[in-house]
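Novice: pasted the sequence and its predicted model underneath.
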Amino acid sequence: MFEKTKMYRFLSWLKGEYQRHQERQVNESNFRYFGKNASVSSRVQINKPERVILKEGARIQPGVIINSMGGLYVGRYSGIGYNCVIFTVDHRYRKADAIPFDNHVFLKPVIIRDFVWIGTNVKIMPGVEIGEGAIVGMGAVVTRSVESCSIVIGNPAKIVGFRNKEQFEELKAKGDFSLVNFHGVYEEILFPLSKRRFPKECEELGL
């Protein structure tokens with residue numbers, strides 16, 4: 001059993017290394033700043049990487065589309081989930097020289113602070129700041145800035161709770177940071193409510 005577990009961990013590590021190698025095919029020199037252990041999937045669309053700063057450990061998952069003309073800052077160990085869309089510019093349509101808008105754009109940087117978790121299919125509007133340690137739930141549309149350590153969901157995104165700030169600060173002080181690597185080896189824990197609601201199905205799934 002022990003040998004089997006060691007083999008599983010090795011194969012998982014090998015798979016992760018291969019995927020990280022694929023991600024490193026993104027030309028880091030094109031970015032304004034590309035921090036240590038930062039990673040961008042090769043299937044990410046960024047129109048102006050020279051206006052993107054990725055701090056240490058930041059991660060951008062596949063399918064993400066970023067219009068970074070107005071500037072994007074992603075803090076340490078923050079993760080942007082699959083198929084997110086981030087815009088950093090607005091067109092001028094009020095007092096415009098043409099319709100539906102003219103050729104002027106307003107640059108509105110998007111700032112994502114350290115240790116932020118952005119879920120799948122999130123949309124982030126120009127000029128937004130997402131505070132340190134915030135969690136943005138799957139499918140949220142972020143139209144205004146998000147408070148530090150808050151948890152937001154919905155369209156438009158609204159606060160539904162907060163992280164344990166004391167625990168957050170303790171982990172930060174200890175340096176217990178995650179690389180937000182969705183391909184790594186995990187300690188799997190079946191959610192108790194799921195086990196109670198679907199005992200037969202969980203058993204069939206081998207959970």
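Specialist: Received it, and whenever you're ready, just let me know what you need.

Novice: what residues are bridge-paired with the spatially most central residue of the chain?
Specialist: The residue lying closest to the centre of the chain (Cα atoms, centre = their mean) is Ile80, at 1.5 Å. Using DSSP bridges, the bridge partners assigned to Ile80 are Ile60, Ile118.

Novice: I'd like the distance between Ser39 and Asn121.
Specialist: Separation of Ser39 from Asn121 (Cβ to Cβ, to the nearest Å): 20 Å. The way it works is simple: take the backbone N, C-alpha and C, and place the C-beta from them, glycine included.

Novice: any low-confidence regions in the protein?
Specialist: 1-10, 12-25, 179-185 (pLDDT under 70).

Novice: helix, strand or coil: sort out the residue of the chain most remote from its centre for me.
Specialist: In the chain, counting by Cα atoms, centre = their mean, Asp97 sits farthest out from the average C-alpha position, at 37.1 Å. Per DSSP: H, G, I helix; E, B strand; the rest coil, the secondary structure class of Asp97 is coil.

Novice: neighbours of Pro126, how many?
Specialist: The tally of other residues near Pro126 (other Cβ atoms under 10 Å) stands at 20.

Novice: ok, the residue nearest to it when sequence neighbours are not counted to Asn83 distance?
Specialist: Spatial nearest neighbour of Pro126, chain neighbours left out: Lys108 (3.6 Å); criterion: Cβ to Cβ, 6 or more residues apart in numbering. Using Cβ to Cβ, we find Lys108 at a distance of 22 Å from Asn83.

Novice: same question, Thr120
Specialist: Thr120 is 6 Å from Asn83, by Cβ to Cβ.
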